[in-house]
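dropping a prediction and its sequence here:
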Amino acid sequence: MGIIVLLLALVAALPLSAHAAPTAVFPAVFVNSSPEPTSPEEAARLKNMDAALTRALADSGQYQPVDLAPIAADISAVRDIHDCNGCEMDLAKKAGAKYAVVAWAQKVSNLILNINIRIEDADTGQVVKAGSVDIRGNTDESWSRGLKYLLKEYVLRAQP
C-alpha cells in the first residue's frame, strides 16, 4: 500500500505539461472588413495576440504548442488558415499535433472588432473549444482584455 501511495504522489507531482496535448497554434489572421487599411499598430496587436494566446495555452497545462517551423512553407501557402475547409487539421497532423488552434481578429470599424478562437481535434475535425468576443475600441488594451476574457470564459474554462 505504501508503494501505491508513493507512486500516486509521484504522478501528482509531475508537471502539468507532461499531460499536455501537442497542439498546433497557427498564426492568427486579421480580417479587415472596414474601409480603412490595416495599420502597423493592428499588425503589432495581432502579433502580440498570437504570442499571448500561445503562452496562455502552454501555461494552462492542457496544451503543448508544437514547433511549426518544419511546415512553415505549407502554412504560408494557405491564404486564410481559419477558413480553409479543414486544411488546418492536415497541417496539425503533419506537425505531430493532436489539436489545431486557429484564431482571428475581425475589424468592422475602429469601434467594432471581434476576436475568435477555435480548437479542433486534428483526427476527427470536431471542435473541442471555441469562442468569440466583441471588443469596442481598437487599442492595445481592448485587444488584450478581449483575449483574456475569451480565454477565461470559453477556451480555458473547465467543462461543467
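Here it is on my side, so go on. Just so you know, these numbers come straight off a predicted model, no measurement behind them.

and the strands in the protein?
When assigned using DSSP state E, the strands of the chain occupy the ranges 21-25, 29-32, 63-65, 99-107, 112-121, 127-136.

name every strand pairing with the third one and say which way it goes.
In this case it means strand 63-65. strand 21-25 (parallel) (DSSP bridges).

any buried residues in the strand it pairs with, and which?
For strand 21-25, the neighbour count (16 or more other CB atoms under 10 Å) marks T23, A24, V25 as buried. To be clear about C-beta, it is placed using only N, CA and C from the backbone, and glycine gets the same treatment.

a markdown table for the strands of the chain, including distance to I71 and mean pLDDT?
Written out in a markdown table, the entries for the strands of the chain read as follows (distance: least, CB to CB, whole Å; pLDDT from 0 to 100):
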| stretch | distance to I71 | mean pLDDT |
| --- | --- | --- |
| strand 21-25 | 8 | 98 |
| strand 29-32 | 17 | 97 |
| strand 63-65 | 13 | 97 |
| strand 99-107 | 12 | 97 |
| strand 112-121 | 16 | 97 |
| strand 127-136 | 21 | 96 |
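
of all the ones you listed, which lies closest to R79?
Across those, the minimum distance to R79, taken as CB to CB, is reached by strand 29-32, at 9.3 Å.
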